[in-house]
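*Asks:* sequence plus the predicted model coming up.
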Amino acid sequence: MTVLSVGGAAATLRQAQRAAAPWPYAELDPERLRAAGWRPTPIRDLILKIHQRCNLACDYCYVYESTDQTWRDRPAVMADEIWQAAVDNLARHATTHGLRRVQVILHGGEPLLFRLDRIERLVGHLRARMPEGTETRVGMQTNGVLLTRPVVSRLVDLRIAVGVSVDGTAEDHDRHRRTHAGRGSFAAVARALDLLREPANRPAYAGILTTVSPDTDPVRTFETLSAFEPPMIDFLLPHANWGEPPTHARPGATPYADWLIAVFDRWYGRSEPVRIRLFDDILALLLGGASGSEQVGLSPAGMLVVESDGALEQVDALKSAYPGAAATGLDVRRDELDAVFDDAGVAARQLGPQALSGACLSCPVVRVCGGGHYAHRYRPGEGFLNPSVYCDDMRRLIDHVSARVAADLQRAAASEKR
Amino acid sequence: MVKAETISEPPVAVWSPLVDLSDRPLLDAIQGGDDALARAARRVISALDDPDGIISAFQSFTS
């Protein structure tokens, strides 16, 4: 009976995915791709949704406020057997593929609701199980509210690096990132970031994650974030697609690019500027390198999510497309991680230019843009073989950065000729 | 379904360099700087023995 129910659920899932996204689910066949020479990229990042609930109620949250509401049906807390199975599965995967480095990211909801004693056991199990020769890094993405001094000290001891979500100034942050009672969370987050800035705690400070919002002042946002001295700032475009366009999108306008360009111009040319992942990646791509982020470039995706019930899924961002968009139908207790490479959705995210639309392939900045974030390419009833809904913004941003870099290189070349 | 014979690299728009600097010794100038461009150049050079960029979910671990 169990086998039948699992098979039935998988068939239902596939049917829904083929209807919502014919590309890739009805048109891409991983088996044929492999026969034609595609070699899957092993999973390097395993994201564990150790706690499904959150102590904040952010109005734009892509987990709780998006079209996919599957979090409601999952356990609030990941059971021991799930995270143990996930760790053991990752260890086998690392051995099979001879991985030199893997990362486990503790995620939620709010991962600190999982409690530190459980986190300590999880990390101990992880470090004990990973094969020799595989460097294991542990990260956590948190809203920062629960990062008290004892917690930060413990995270330093456990060698867990935390990324903290912040939206810029206190006023802008508190407009969106509130408690369930409606109170702003900036004061608590600022205290946490001040703790992380302390020299003894810096090993636990991974960076700041910020959502781009054109109704905020970009320079004030950037300066507010910079004052927290993060090792890295990650600016994310709000999740949107052709069915649900970005809030501030207007014909002929590029508000998201304009915002990012204002930040770029403030940042670029500084001595030892703070790392901004999106800009660093665009610069590296312009110089012929590769990207490591989802927003630009043509690198293969090497991450996978384990939900609190053991479901293996693609990243949460896909949940902004349609219900079930992130699902693979696999379970970390039953299926090896390699099984995800039979999923057309996973394969699509590893194909580079083969996963791009004709419009993207004929675009002069395609190798830098890479079609933008995969989730932003979704069009209801068609799927993901489209340019990003942020196409105009991406083009404008990349052209701007490209022009600045070209001017600098020209100057450098001219000075060397003299 | 995608046909097997279509799997070879699809035609991508012709990629031309930003500025043709192939005959100019810019390496020292770029590598010695402390700005974002110099940092990006060092990143590209240091990744030459590991050219496969892999998308990562967590910002701190992407060098």
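*Replies:* Ah, there it is. Residues are numbered from 1 along each chain as shown, chains lettered A, B, ... in the order given.

*Asks:* so what's residue A:117 up against?
*Replies:* By CB atoms under 8 Å, 6 or more residues apart in numbering or on different chains, the contact list for residue A:117 is empty. (Each C-beta comes from the backbone N, C-alpha and C, glycine too.)

*Asks:* and the pLDDT for it?
*Replies:* Residue A:117 is assigned a predicted lDDT (pLDDT) of 97.

*Asks:* hang on, it in a helix?
*Replies:* Yes - looking at residue A:117 with DSSP: H, G, I helix; E, B strand; the rest coil, it is inside a helix.

*Asks:* how near is it to residue A:123?
*Replies:* In this view, residue A:117 and residue A:123 are 11 Å apart by CB to CB, to the nearest Å.

*Asks:* so which strand or helix has the closest residue to residue A:165 other than its chain neighbours?
*Replies:* The shortest distance from residue A:165 to any non-neighbouring residue, by CB to CB, 6 or more residues apart in numbering or on different chains, is to residue A:209 (4.7 Å). Assessed by DSSP states H and E, residue A:209 sits inside strand A:205-211.

*Asks:* likewise for residue A:13?
*Replies:* helix A:2-20.

*Asks:* now swap in residue B:44 and tell me
*Replies:* helix B:36-46.

*Asks:* picking up where we left off before, the residue nearest to residue A:165 against residue A:230, yeah?
*Replies:* No - assessed by CB atoms under 8 Å, residue A:209 is found out of contact with residue A:230, at 9.5 Å.

*Asks:* settle it for me: which of those two has more neighbours?
*Replies:* Shown here are residue A:209 and residue A:230; by other CB atoms under 10 Å in any protein chain shown, residue A:230 has more neighbours (26 against 23).

*Asks:* could you check the angle strand A:205-211 makes with the helix or strand just after the strand holding residue A:209?
*Replies:* Next along the chain after strand A:205-211, taking DSSP H and E as the criterion, comes helix A:218-227. Here helix A:218-227 points in a direction 160 degrees away from that of strand A:205-211 (axes from the mean of the first three to the mean of the last three CA atoms, to 10 degrees).

*Asks:* quick one: pLDDT of the residue of the stretch 101-250 of chain A found nearest chain B?
*Replies:* Using CB to the nearest CB, the single residue of the stretch 101-250 of chain A nearest to chain B is residue A:206, 3.2 Å away. Listed pLDDT for residue A:206 reads 96.

*Asks:* neighbours of it, just the number please.
*Replies:* For residue A:206, the tally of surrounding residues (other CB under 10 Å) stands at 26.

*Asks:* that one against residue A:161, yeah?
*Replies:* Yes - using CB under 8 Å, residue A:206 makes contact with residue A:161 at a distance of 3.9 Å.

*Asks:* please tell me how far residue A:234 sits from residue B:56.
*Replies:* 11 Å.

*Asks:* anything in contact with each of those two?
*Replies:* The contact lists of residue A:234 and residue B:56 share residue A:293, where a contact means CB under 8 Å, 6+ apart.
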